[in-house]
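**Q** this one's sequence-less:
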């Protein structure tokens with residue numbers, strides 16, 4: 001690839017990333033580590049794309065291009081592991097969802113990047129990875145492939161982490177995260193195999209665009225507090241389930257309400273109340289299958305859509321939910337108890353109920369159960 005072609009494709013990639021950056025900084029989740037990592041990935045990629053442009057000014061000895069070429073190649077090799085390290089942190093945060101554990105990983109990755117930086121410094125004297133001759137021409141050396149292999153290894157760690165913990169990640173997120181590593185991986189191989197090609201960063205820009213679009217879609221349909229689906233996504237999902245139903249194969253749903261939730265807020269404060277809702281979401285998620293759908297209906301109400309149209313399986317799931325909440329209350333680990341009311345039903349294909357009608361039916365059944373609980 002000639003210099004002009006390299007500049008054009010890099011400028012295009014930078015423009016795409018700047019658009020993503022402008023849109024991303026408008027988000028309201030700036031205190032989260034995941035936000036900071038993705039933002040750092042954007043900034044680093046843009047910087048390295050600029051460095052890549054100036055690291056290809058071969059020739060023209062006895063000009064300023066000599067210094068530009070040397071400085072930018074040094075920067076490119078020194079920062080070789082920064083993006084793969086940020087990728088590992090991003091994946092780890094997606095999988096573990098506990099920022100304190102991800103932050104601990106930062107120090108190990110900084111140490112590895114420091115070793116890489118020191119090795120690049122030594123390479124200036126011992127010519128391990130590359131050298132620039134008196135004519136200001138860049139040349140690869142036998143150990144050039146060591147940094148390439150390290151990048152591939154870092155990316156492989158992220159992918160293995162995703163595969164190992166795939167059950168903890170929503171299917172759509174898993175697919176986009178797995179795909180994230182594919183274009184850069186192909187770019188690295190092409191760049192290493194065909195001298196003069198610079199595609200890894202451009203492929204990474206494509207991956208970041210795809211992940212950004214996925215993040216936008218995820219945020220649009222995710223409840224900010226609990227991390228489960230929101231009411232908007234529930235309505236769309238329920239409509240699709242109703243439209244896809246046939247006489248012998250429909251689905252079922254469960255509506256759950258936390259009894260006296262206001263008392264938890266009033267007694268212990270809204271922060272504890274928020275934690276209680278998060279715990280509810282986690283308890284419900286542990287009671288259902290991976291393919292089942294959980295949403296926060298509003299306030300202290302949740303709705304679960306099950307794939308099954310078998311009444312026995314539905315009732316078993318309801319019993320399991322009650323048992324999980326009973327175990328939580330008996331554990332005494334928290335200063336409050338989570339008592340719930342439940343309404344559940346199979347969707348009747350012949351009823352021709354619309355989304356609002358079926359939700360109303362579940363709501364009525366749930367409040368009937370609430371009245372029974374109060375009388376007990």
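**A** Sure thing, it's come through. What you see is a predicted model, and the numbers here were worked out from it, not measured in a lab.
**Q** what helix or strand is residue 45 on?
**A** helix 33-54 (DSSP states H and E).
**Q** Do me a favour and average the pLDDT over that helix.
**A** Here helix 33-54 scores 91 as its mean pLDDT.
**Q** Which secondary structure elements does it sit against?
**A** Packing partners of helix 33-54 (3 or more Cβ pairs under 8 Å, 6 or more residues apart in numbering; DSSP states H and E): helix 3-24, helix 65-78, helix 82-96, helix 99-126, helix 200-221. Where you see a C-beta, it was placed from the backbone N, CA and C, and this is true even at glycine.
**Q** ok, the most centrally placed residue in the chain to residue 102 distance?
**A** Centroid-nearest residue in the chain, with Cα atoms, centre = their mean: residue 94, separated by 4.9 Å. Residue 94 sits 9 Å away from residue 102, taking Cβ to Cβ, to the nearest Å as the criterion.
**Q** shaky segments in the stretch 201-350 of the chain?
**A** 216-218 (pLDDT under 70).
**Q** What segments of it are strands?
**A** 252-258, 293-298, 301-306, 340-346 (DSSP state E, counting those that start in this stretch).
**Q** out of these, nearest to residue 192?
**A** Using Cβ to Cβ as the measure, strand 293-298 is the one of those that comes nearest residue 192, at 43.6 Å.
**Q** now the closest one, how far from the centre of its chain.
**A** On the basis of Cα atoms, centre = their mean, to the nearest Å, strand 293-298 sits 20 Å off its chain's mean C-alpha point.
**Q** try stretch 9-22
**A** For stretch 9-22, the distance to the chain centre is 21 Å (Cα atoms, centre = their mean).
**Q** Report the distance from stretch 140-154 to the chain centre.
**A** The answer for stretch 140-154 is 28 Å, by Cα atoms, centre = their mean.
**Q** Likewise for stretch 84-101?
**A** Distance, stretch centre to chain centre, for stretch 84-101: 9 Å (Cα atoms, centre = their mean).
**Q** So which bits of that stretch are buried?
**A** For stretch 84-101, the neighbour count (16 or more other Cβ atoms under 10 Å) marks 84, 85, 86, 87, 88, 89, 90, 91, 92, 93, 94, 95 as buried.
**Q** What pLDDT is listed against residue 29?
**A** 62.
**Q** what do you get for residue 26?
**A** On the pLDDT scale, residue 26 gets 77.
**Q** again with residue 140
**A** Looking at residue 140, the pLDDT reads 88.
**Q** partners of it in the sheet?
**A** residue 130 (DSSP bridges).
**Q** Double-check it against residue 195; I have them as touching.
**A** Yes - using Cβ atoms under 8 Å, residue 140 is in contact with residue 195, at 6.9 Å.
**Q** Give me the neighbour count for residue 5.
**A** 12 (other Cβ atoms under 10 Å).
**Q** re the thing from before, which ones are touching the residue nearest to the centre of the chain?
**A** Residue 94 makes contact with 34, 162, 169, 173, 177, according to Cβ atoms under 8 Å, 6 or more residues apart in numbering.
**Q** go again using 7 Å as the cut-off
**A** Contact partners of residue 94, counting by Cβ atoms under 7 Å, 6 or more residues apart in numbering, are 169, 173, 177.
**Q** Tell me which helix or strand the second one sits in.
**A** The one in question is residue 173. helix 171-180.
**Q** Flag every buried residue along that helix.
**A** Of the residues in helix 171-180, 173, 174, 176, 177, 178, 180 count as buried by neighbour count, 16+ other Cβ under 10 Å.
**Q** Return the distance of the first one relative to residue 128.
**A** Put plainly, it is residue 173. Noted for residue 173: a distance of 39 Å to residue 128, by Cβ to Cβ.
**Q** Just say which of the helices and strands packed on helix 33-54 is most tucked in.
**A** Ranked by mean neighbour count, those are led by helix 82-96 with a mean of 22 (mean count of other Cβ atoms under 10 Å).
**Q** Next, the angle from that one to helix 33-54.
**A** On the basis of axes from the mean of the first three to the mean of the last three Cα atoms, to 10 degrees, helix 82-96 is oriented at 160 degrees to helix 33-54.
**Q** quick one, helix 82-96 and helix 200-221 angle?
**A** Orientation check (the same axes, to 10 degrees): helix 82-96 against helix 200-221 gives 30 degrees.
**Q** angle of helix 82-96 against helix 99-126?
**A** Here the directions of helix 82-96 and helix 99-126 differ by 160 degrees (the same axes, to 10 degrees).
**Q** want to throw the buried residues of stretch 84-101 into JSON lines with pLDDT and distance to residue 322?
**A** Listed next are the buried residues of stretch 84-101 as JSON lines, based on pLDDT from 0 to 100; distance: Cβ to Cβ, whole Å:
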{"residue": "84", "pLDDT": "92", "distance to residue 322": "46"}
{"residue": "85", "pLDDT": "95", "distance to residue 322": "45"}
{"residue": "86", "pLDDT": "94", "distance to residue 322": "43"}
{"residue": "87", "pLDDT": "91", "distance to residue 322": "42"}
{"residue": "88", "pLDDT": "93", "distance to residue 322": "40"}
{"residue": "89", "pLDDT": "93", "distance to residue 322": "39"}
{"residue": "90", "pLDDT": "89", "distance to residue 322": "38"}
{"residue": "91", "pLDDT": "88", "distance to residue 322": "36"}
{"residue": "92", "pLDDT": "90", "distance to residue 322": "35"}
{"residue": "93", "pLDDT": "87", "distance to residue 322": "33"}
{"residue": "94", "pLDDT": "81", "distance to residue 322": "31"}
{"residue": "95", "pLDDT": "82", "distance to residue 322": "30"}
